[in-house]
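Trainee: no sequence on hand, only this structure:
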C-alpha cells in the first residue's frame, strides 16, 4: 500500500505536480454517531486542515485496501467528517439536489485486494468502489473520478513491479 502511494507521489513530482499528503493511519479521527453531529457539529482542527488540503487540490488520490468488501472504517469515518454539509455540498433547497461545492477537482481511487480484480468486478460488481465514486465523490462535485483495482495484491514480484510502474505513470499525469 505504502509502495503504491510512494510510486504515485514520485510520478506526480516527476510530472511537475505539487503534493500534499494525508496519511489517515496517524490521524485521530472521531467517528460521527448521529445525523445531528454530521449536520451541525464543528469539525476538529485535524479535519479542518484536511479540508484546506482538499480545497487546495486539483486532483485527489484515495488509496485503500478492500476490507470485508468495503473501504476501511477509518477512511469512511474520515470522509464523513471531511465531506460535511457546507463544505462538500450545500444544503438542499426544497425540491432540488444539493449544490456540489468541490467541483473542479478530479480523483483517482486505487483499491487493493487479495482476490482477482476481475472476480471483484464481475461477482461483486465493484459495489464499494462504485459507492465511493458515485455516492460520495461525484455527489460532492469530483469529476472525473477514475478507478484502478489491483487484485491479487500479494502476487508475484512481476505483478508488483507492473503496478508500481503504472502508479508512477498515473501520478505523472495526475489521473
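Mentor: The structure has been received and is ready for your questions. Note that the structure is predicted; figures quoted are calculated from it, not measured.
Trainee: quick one: residue 12 and residue 21, what's the gap?
Mentor: 10 Å (C-beta to C-beta, to the nearest Å). Every C-beta, even on glycine, is put in place using the N, C-alpha and C of the backbone.
Trainee: which of the two has more neighbours?
Mentor: Comparing residue 12 with residue 21 by other C-beta atoms under 10 Å, the one with more neighbours is residue 12, at 21 against 9.
Trainee: contacts only, for that one.
Mentor: Neighbour list for residue 12: 19, 171, 172, 174 [criterion: C-beta atoms under 8 Å, 6 or more residues apart in numbering].
Trainee: once you drop chain neighbours, what's closest to it?
Mentor: residue 171 (4.0 Å; C-beta to C-beta, 6 or more residues apart in numbering).
Trainee: what's the neighbour count on that neighbour?
Mentor: Using other C-beta under 10 Å: residue 171 sits among 26 other residues.
Trainee: and whichever strand or helix holds it, what's its mean pLDDT?
Mentor: Element membership for residue 171 (DSSP states H and E) is helix 157-172. Mean pLDDT, helix 157-172: 96.
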